[in-house]
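1. Got a sequence here, can you build the structure:
(one chain, ligands or ions: 1)
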Amino acid sequence: MVSGQKRFQESGARQDKSRRASVIEQCLRRAYPKPAIALHFSTPLQLLVAVILSAQCTDARVNIVTKELFKKYRTANDFANAKLKELEKEIHSTGFYKSKAKNIVACCQVLVEKYGGQVPQTMEELTALAGVGRKTANCLLGGCFNIPSGIVVDTHVKRLANRLGLSKQDDPEKIESDLMELLPQKDWIHFGNALIHHGRKICNARKPLCAECVLNDLCPLAFTIV
Ligand code: SF4
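-> Numbering: from 1, shown residues only. Model prediction:
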């Protein structure tokens with residue numbers, strides 16, 4: 001059983017962490033006022049396809065592939081009726097091309113059958129689609145519809161949340177729920193997108209640039225990773 005004193009200490013520690021998370025968010029807002037999504041898209045459908053393709057692949061590579069892909073497949077119906085072998089070839093360089101092609105077609109078939117070819121706007125509906133998890137759904141809802149459904153946790157957000165001492169978890173969904181507890185909902189979209197930028201630009205996996213980091217006086221690991 002958790003003693004009253006321990007509960008008190010835990011809730012105090014949570015408040016401290018939450019305050020620190022808010023200061024981190026303020027610093028990130030100053031550094032990255034409007035962090036854009038690195039994937040190129042002009043419709044929710046395009047972002048959905050691009051995020052599916054981005055699993056285990058760089059955004060730069062996805063952007064090269066989608067530049068041609070989106071000229072050929074313009075609607076959910078186009079993707080739903082794609083010839084699987086042809087689509088596999090077209091997205092081959094993004095890796096895991098067989099499952100990605102299968103998911104894109106299956107997903108777009110549901111968009112056509114259930115949603116008139118449109119991308120739905122709820123977490124439940126999105127995560128029921130083939131190849132769509134919370135990360136993709138958060139990215140779509142925040143990026144296209146400005147709906148703060150959660151926090152996008154990709155490899156950068158995962159690394160940064162751990163390094164900044166905001167979550168000890170390894171599983172992205174558990175990290176997301178830790179971060180959602182620490183920050184008000186109005187900050188969720190920005191926080192995830194800003195951490196992705198910060199992870200790419202400054203706090204990279206092998207050699208974080210702590211001397212240039214706007215968070216270095218808030219980070220428990222500042223100047224310790226060599
Ligand atoms: S201080 Fe260093 S380790 Fe900490 S967030 Fe900044 S770059 Fe990353």
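
2. low-confidence ranges in this protein?
-> 1-12 (pLDDT under 70).

3. Tell me which residue lies nearest the centroid of it.
-> V152 (3.1 Å; Cα atoms, centre = their mean).

4. show me what contacts it?
-> Taking Cβ atoms under 8 Å, 6 or more residues apart in numbering, we find V152 in contact with 135, 138-139, 142, 192-193, 196. C-betas here are computed from N, CA, C, even on glycine.

5. In PDB, could you pull the C-alpha coordinates for stretch 75-95?
-> Backbone C-alpha positions of stretch 75-95 (Å, rounded to 0.1, in the frame of the first residue of the first chain) are rendered in PDB as follows:
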ATOM      1  CA  THR A  75      -8.100  10.600 -54.600                       C
ATOM      2  CA  ALA A  76      -8.800   7.800 -52.100                       C
ATOM      3  CA  ASN A  77     -10.600   6.000 -54.900                       C
ATOM      4  CA  ASP A  78      -7.400   6.000 -57.000                       C
ATOM      5  CA  PHE A  79      -5.400   4.400 -54.100                       C
ATOM      6  CA  ALA A  80      -8.300   2.000 -53.300                       C
ATOM      7  CA  ASN A  81      -8.200   0.700 -56.900                       C
ATOM      8  CA  ALA A  82      -4.400   0.700 -57.200                       C
ATOM      9  CA  LYS A  83      -2.800  -2.400 -58.600                       C
ATOM     10  CA  LEU A  84      -0.800  -3.800 -55.600                       C
ATOM     11  CA  LYS A  85       2.300  -4.800 -57.600                       C
ATOM     12  CA  GLU A  86       2.500  -1.500 -59.300                       C
ATOM     13  CA  LEU A  87       2.100   0.500 -56.100                       C
ATOM     14  CA  GLU A  88       4.700  -1.700 -54.400                       C
ATOM     15  CA  LYS A  89       7.100  -0.800 -57.100                       C
ATOM     16  CA  GLU A  90       6.300   2.900 -56.800                       C
ATOM     17  CA  ILE A  91       6.900   3.000 -53.000                       C
ATOM     18  CA  HIS A  92       9.700   0.400 -53.000                       C
ATOM     19  CA  SER A  93      12.500   2.700 -51.900                       C
ATOM     20  CA  THR A  94      10.600   3.600 -48.600                       C
ATOM     21  CA  GLY A  95      11.200   0.100 -47.300                       C
END
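
6. Now that stretch: buried residues?
-> Judged by neighbour count (16 or more other Cβ atoms under 10 Å), stretch 75-95 contains these buried residues: 76, 79-80, 82, 87-88, 90-91, 94.

7. Got the domain ranges for this structure?
-> 44-132, 150-226 (automatic domain parsing).

8. export these to a markdown table and tack on distance to the ligand?
-> As requested, the domains of the chain are exported to a markdown table (distance: least, Cβ to the nearest ligand atom, whole Å):
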| stretch | distance to the ligand |
| --- | --- |
| domain 44-132 | 20 |
| domain 150-226 | 3 |
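
9. how about TSV for the ones you listed, with distance to R29 added?
-> Below are the domains of the chain laid out as TSV (distance: least, Cβ to Cβ, whole Å):
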stretch	distance to R29
domain 44-132	22
domain 150-226	6
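
10. closest to S22 out of these?
-> S22 lies closest, by Cβ to Cβ, to one member of the domains of the chain: domain 150-226, at 6.8 Å.
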